[in-house]
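S.K.: next one to model:
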Amino acid sequence: MKNVLYLSPSVTMYGARVMLLQLASALDPARFRPVAVCLTEGGLTDELRRRNIPAYVVGIHPWRKGKNLWRIPVNTVRIANIIKREKIDIIHCNDFWALPWALAARWWAGSAAPVICHVRNPVGEKRVRNYKLQQADKIVTISHALRAELDHWSKVMQDEKIVTIHDGLDFSLLDAQKDTCDLRKKLNIPSESQIILQVGHISERKDQLTLLRAVQKLPESFKPHVIFLGDVKPHNREFGEEVKRLGESPQLAGRVHFAGFQAEVAPYYRMCDLLAIPSAEEGLGLVSLEAMHFAKPVVGSNTGGIPEVVKDGETGLLHPPGDAAALSKVVETLLNDVETMRSFGLAGQVRAHEMFSLSTHADNMQNLYDRISGSERSH
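M.R.: Numbers count the residues shown, from 1 in each chain. From the prediction side, this is the model:
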């Protein structure tokens, strides 16, 4: 049996942390034992411990921020001690932010454990250098689009280190989430009104402004309600206030609902007519898989990994990122054709289950663990 240490620089239960939790829970217990180090106590540590997965808390704050420099020696030693105590065979960074911590702690522990780094969003050449991606033993991108971006930085990256493994979900966990109240009544949405759902923290990267501007451009006969599931992080406060102001404008007032972060999202997917992913950039877009599981069509930006999940004209419709007029057009097309929405939704459900299941993802990751732990690290 091999012990796998996961490093997570965040504990909020959005995409990356959901995937860490589901993967760690799906590992073959005869082959792998998961252990986690997390930034703070929170949703992820609670869920890991609920599944009897050891979860340590060490302040693995962003490595290159000056205010965190004093933490590096002490916390590096703490992680190194965990590596030795838990007899770690493989170190898996759940995001590139954690990679410098993994490399330093491995060195301090005198460990030969290979280090895997997950890349879930665009990083750019500067971060490739600053966060030492070239020193990882293997890099896992969640989409071919991210792999292509890393290939572009071939001067600092060895291409053979990079592999693409799509995320996958345990859809049964969504089915277990029950409707506990009448959400339409709670949110004051008329029974005849169509609903557009957007899931994710409110930020420029998720680009909720473009969605609201698109809804503004719909013909007068269309009055859909928009539900945002997600919170506003401190560094996105100004953008969040702009989104809220637009949502309260006379043209949209009463039809935009800020429901905040929701641990159980299934009731919202069941209620909505379609999911919107207007992101300016997106590594893959797990929320599209969640919507497709519930047979909901998806309108999304033609960027990053979104087109690898959403097949344009088959399971949803794509539009150029940041183009409110184009997004408005595809939203109108779907809301005006219930049968097309239904057929796209059913096709998406089949695609999600066939291509993006947790079992497929876990098999691919475990095969990678076997390969990398059975070969020598590159230096």
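S.K.: distance from the chain centre to the biggest helix by length in the chain, please.
M.R.: For the chain, the longest helix by residue count, based on DSSP state H, is helix 338-355. With CA atoms, centre = their mean, to the nearest Å as the basis, helix 338-355 stands 21 Å off its chain's centre.
S.K.: next secondary structure element downstream of it?
M.R.: helix 358-373 (DSSP states H and E).
S.K.: list the buried ones in that following helix?
M.R.: Within helix 358-373, the residues that qualify as buried by neighbour count (16 or more other CB atoms under 10 Å) are 358, 361-362, 364-366, 368-369, 372-373. Every residue, glycine included, has its C-beta placed from N, CA and C.
S.K.: run through the neighbouring helices and strands of the longest helix of the chain.
M.R.: Contact analysis of helix 338-355 by 3 or more CB pairs under 8 Å, 6 or more residues apart in numbering; DSSP states H and E lists helix 286-293, strand 316-319, helix 324-335 as its packing neighbours.
S.K.: switch the cut-off to 10 Å
M.R.: Using 3 or more CB pairs under 10 Å, 6 or more residues apart in numbering; DSSP states H and E as the contact test, the elements touching helix 338-355 are helix 171-175, strand 274-277, helix 286-293, strand 298-301, helix 306-309, strand 316-319, helix 324-335.
S.K.: quick one: which of those is nearest residue 344?
M.R.: Between residue 344 and these, the shortest separation by CB to CB is 5.7 Å, and it involves strand 316-319.
S.K.: just the CA trace of that closest one, in CSV.
M.R.: Extracted as CSV, the C-alpha positions of strand 316-319 are listed here (Å, rounded to 0.1, in the frame of the first residue of the first chain):
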residue,chain,number,x,y,z
GLY,A,316,-25.6,23.1,-25.2
LEU,A,317,-24.5,26.3,-27.0
LEU,A,318,-21.2,28.1,-26.8
HIS,A,319,-20.4,31.8,-27.3
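S.K.: what about the nearest residue to residue 20 once chain neighbours are set aside, how many residues close to it?
M.R.: Nearest residue to residue 20 in three dimensions, chain neighbours excluded: residue 94, at 4.8 Å (CB to CB, 6 or more residues apart in numbering). Counted with other CB atoms under 10 Å, the burial measure for residue 94 works out to 26 neighbours.
S.K.: measure residue 94 to residue 181 for me?
M.R.: Distance from residue 94 to residue 181, counting by CB to CB, to the nearest Å: 33 Å.
S.K.: any stretches of the protein with poor pLDDT?
M.R.: 64-68, 153-159, 375-379 (pLDDT under 70).
S.K.: please redo it, this time with the cut-off set to 80
M.R.: Counting by pLDDT under 80, the chain contains low-confidence ranges at 62-70, 151-160, 375-379.
S.K.: domain map for it?
M.R.: If the domains of the chain are taken from automatic domain parsing, they occupy 2-168+357-373, 172-355, with pieces of a single domain joined by a plus sign.
S.K.: which residue comes closest to residue 247 once chain neighbours are left out?
M.R.: In space, residue 247 comes closest to residue 256 once its chain neighbours are excluded; the distance is 3.4 Å by CB to CB, 6+ apart.
S.K.: nope, residue 351 is what I was after
M.R.: In space, and not counting its chain neighbours, residue 351 is closest to residue 315: 5.7 Å by CB to CB, 6+ apart.
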